[in-house]
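Colleague: Predicted model and sequence below, questions to follow.
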2 protein chains.
Amino acid sequence: MKKRQRTGKTVKIEDVAHEAEVSIMTVSRALRGVEGVSEIKRAQIFDIAEKLRYQPNLNARSLVNVQSSLIGISFPTLFNDVFAEMLDGMRPTLESAGFTTIVTTTEYDRAREVDWINTVRPWRPAALVLTGTDHDERVRRVLRRDQTPTLELWEHSDDPIDISVGINHSDAGREIADAMIALGYMRPAFVGFDLGHDLRAEKRLLGIRSAFLAQGLGDVRTARHGTIDGYRAGYDGIKTLAAEKAPMPDVVFFLSDHFAFAGLMACMELGLNVPNDIGIVGFNSLSVNSVLPQRLTTVKTPRREMGTLGARGLIARINGVQNDLSHRLSPEIIYGDTTRKPGGNDI
Amino acid sequence: MKKRQRTGKTVKIEDVAHEAEVSIMTVSRALRGVEGVSEIKRAQIFDIAEKLRYQPNLNARSLVNVQSSLIGISFPTLFNDVFAEMLDGMRPTLESAGFTTIVTTTEYDRAREVDWINTVRPWRPAALVLTGTDHDERVRRVLRRDQTPTLELWEHSDDPIDISVGINHSDAGREIADAMIALGYMRPAFVGFDLGHDLRAEKRLLGIRSAFLAQGLGDVRTARHGTIDGYRAGYDGIKTLAAEKAPMPDVVFFLSDHFAFAGLMACMELGLNVPNDIGIVGFNSLSVNSVLPQRLTTVKTPRREMGTLGARGLIARINGVQNDLSHRLSPEIIYGDTTRKPGGNDI
DNA sequence: GCAAACTACGTTAGCGCTAACGTTTTGACT
DNA sequence: AGTCAAAACGTTAGCGCTAACGTAGTTTGC
């Protein structure tokens, strides 16, 4: 790789200082909005900097400041609006505070999260954002040791690395399951990705399972397919359940709304009447839901809010606030047309 | 904002050098894989660096190297798998070459692209990736002037800033329109976002329009809604067309497959038979298509391939290759169940 | 009217790293 | 053993910027 190329000499602070006939320190102060410069000079310097198209070298600045204004963010995937929305929630807050985000996806692979940490830390980021609470022990140790402000998003933790903003997924599973039990459903199934990928979904499944077991009802059957394409996983999940010799479940919980939508399509193909033959339950309440012929029964998760709260917390922490900045948020059950409804014709 | 905090003294190259009893230059050479170090010493230094958990400060490295190993990427949105896939196509190539990506979204707003350029350039990125070919004139000028390797992705340009990898969208529109004309369709409509947002879609519309006009057929009606939520835009588009006094179009071209899917749902609600009453044409060939009861007629775009080719080109350019590295790729028409098919019962 | 307390600058030093060049050691060949 | 070149290492200088401190000028207070 070629180094020290790019001959078109970039303007540096010295050029501005020379043109303005002041020291470079005065320019530095003026442009950063630091006090110690008369407003007249500051205005002049701004004009000259603009004229010369001066842009500070952030690598140099990060070097002196010991830390950069980069914030590393790790999501499992971007093929899911859930994460794009959390990003959307964080970005305005972070950017207006002068931070730039570096986003990576781990494809639900914990080893890739470790790799990523090793990639971003050399940039000396001001903060890091991880998804969920399950991380390699080395990650926890390293981040705690050097006190990097860290946000664990999407899943709330009682023992966070630093800041945790999210919901409790097993509770969410339990709550939606209890709601379905109250509607008379008794033969549950769960459709999601292959085991070991979406750990939050697994926790929701645990919650669902415990709710049904607590009522003395049967276990939750599972149908798992793939690791990325939620549409296929939802569709194949229903087809798999239908192909098994066991009687069809009367309610199916899907990993997310887009799985549920695909499952709904599979039910249509199989001639299953929703919600009479089978109940369909999504998760997240995604925008696709608003155009479906039958609105999904689902659980609305406050993704943008998580992003905003998390970003604010991070900035506070970066600025030295030591308080507990974690937030546990609550999801909301949305009754749609793909299950029975409370107060409706139960049983 | 606090500066020079983070007391937990980070290990620097000097610490490794001291422990290994060599000069810091030898450590630098050893760890970077540069020649001039005996293999015995190199191995020792690697061990020590690992033991000390040394991680080079990339801000310092970027400062000496005049440019960083960051690559800035600008997409209109991430709420669209098309861009997530292009990113997926680029990332492995870029990362294995040692680059880190900074991704931003512009929400289809050209002014935000300019802002973004001004945000990333201070990092002295090794390269930039923009979406499409329509940029603020200042952007073109600046990037050409300081010779930043630049990739314009998704839409092919005959006069690129530097490298262009993509398809010709107006040709794509013309081709799919000609294919539909050949199937006997004559009253076209287009459903998409509000004007001025997705410029590639507008070019496809121009292509569609010119194809129909060339055959002496009527103009293409348009129904535009929103700027982000493609599902709503697709759904509302059909509802709007149906509500107008004019006769219903016999074929509707959608901005993308997820629009088309939502439009299909709207048609079902309206009792319109697809494809007999109305033909539905998507774009991009997204994964949602594989689970729909009726597979969409659509145009398959090689997103991952664009990403890979573009990334390779960028790396070549960064390494000093001066050739023309642009690629014009071709989309492929996919005949589904939402229109008549060639060789089928035309007319 | 003069010291104390600002304000508005400039000077010095150093952040962690690497290109370029200088010096020593090794080995190959007479 | 002696010559010379290549390999292996060290030294110097500087990338662009900012914290900390130093130094003039200006105001304030009594």
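Modeller: Looks like it arrived, so ask away. Numbering: from 1, shown residues only, chains lettered A, B, ... in the order given.
Colleague: residues touching the residue positioned nearest the centre of chain A, list them.
Modeller: The residue lying closest to the centre of chain A (CA atoms, centre = their mean) is residue A:83, at 4.0 Å. Residues near residue A:83 by CB atoms under 8 Å, 6 or more residues apart in numbering or on different chains: A:75-77, A:131. Glycine gets a C-beta too; all of them are placed from N, C-alpha and C.
Colleague: To which secondary structure element type does residue A:160 belong?
Modeller: Three-state call for residue A:160 (DSSP: H, G, I helix; E, B strand; the rest coil): coil.
Colleague: Neighbours of it, how many?
Modeller: 20 (other CB atoms under 10 Å in any protein chain shown).
Colleague: How about it, nearest residue that isn't a chain neighbour?
Modeller: Nearest non-adjacent residue to residue A:160, counting by CB to CB, 6 or more residues apart in numbering or on different chains: residue A:152, 5.3 Å away.
Colleague: Let me see the confidence value for residue A:346.
Modeller: Per-residue pLDDT puts residue A:346 at 46.
Colleague: ok, now residue A:7?
Modeller: 48.
Colleague: got the contact list for whatever residue of the stretch 151-300 of chain A ends up closest to DNA strand C?
Modeller: Across the stretch 151-300 of chain A, the shortest distance to DNA strand C (CB to the nearest atom of the strand) belongs to residue A:162, at 22.5 Å. By CB under 8 Å, 6+ apart, the contact list for residue A:162 reads A:143-144, A:148-152, A:317.
Colleague: Return the residues of the stretch 201-347 of chain A in contact with chain B.
Modeller: A:229, A:231-232, A:234-235, A:258, A:262, A:265-266, A:268-269, A:287-288, A:290-293, A:318-320 (CB under 8 Å from any CB of the partner chain).
Colleague: 6 Å instead?
Modeller: A:229, A:231, A:235, A:262, A:265, A:268, A:287-288, A:291, A:293, A:320 (CB under 6 Å from any CB of the partner chain).
Colleague: Lowest-confidence member of those, which is it?
Modeller: residue A:293 (88).
Colleague: Can you list phi and psi of that one for me?
Modeller: Main-chain dihedrals, residue A:293, degrees, to the nearest 10: phi -60, psi -40.
Colleague: How about residue A:221?
Modeller: Taking degrees, to the nearest 10 as the convention, residue A:221 sits at phi -70, psi 150.
Colleague: Would you mind naming the residues that bridge with it?
Modeller: Assessed by DSSP bridges, residue A:221 has beta-bridge partners residue A:189.
Colleague: Can you point out the helix or strand that includes residue A:64?
Modeller: Here residue A:64 sits within helix A:58-65, counting by DSSP states H and E.
Colleague: What pairs with whichever helix or strand comes after that helix, parallel or antiparallel?
Modeller: Next helix or strand after helix A:58-65 toward the C-terminus (DSSP H and E): strand A:70-75. The strands beside strand A:70-75 in its sheet (DSSP bridges) come out as strand A:100-105 (parallel), strand A:127-131 (parallel).
Colleague: touching chain B at all, the helix or strand immediately after the shortest one in the chain?
Modeller: Proceeding N to C from strand A:127-131, the next assigned helix or strand is helix A:137-145, under DSSP H and E. No. For helix A:137-145, no contact with chain B is found by CB under 6 Å from any CB; the gap never falls below 6.5 Å.
Colleague: just to revisit the earlier point, in ChimeraX, select just the buried ones from the residues of the stretch 201-347 of chain A next to chain B.
Modeller: For the buried members of these, the matching ChimeraX selection, counting by 16 or more other CB atoms under 10 Å in any protein chain shown, is:
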select /A:229,231,235,262,265,287,288,291
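Colleague: how about the residues of chain A that lie near DNA strand D?
Modeller: Residues of chain A that fall close to DNA strand D, judged by CB under 7 Å from any atom of the strand: A:10, A:12-14, A:24-25, A:28, A:31-32, A:34, A:56-57, A:60-61, A:63-65.
Colleague: so which of these also contact chain B?
Modeller: A:56, A:60, A:63, A:65.
Colleague: and the second one, how many neighbours?
Modeller: In terms of burial, residue A:60 registers 17 neighbours under the definition other CB under 10 Å.
Colleague: Pretty sure it sits against residue B:62.
Modeller: No. Judged on CB atoms under 6 Å, residue A:60 makes no contact with residue B:62 at a distance of 8.7 Å.
Colleague: Sort out for me which of the residues of the stretch 201-347 of chain A next to chain B are in helices.
Modeller: Using DSSP state H, the members of those that fall within helices are A:231, A:235, A:262, A:265, A:268.
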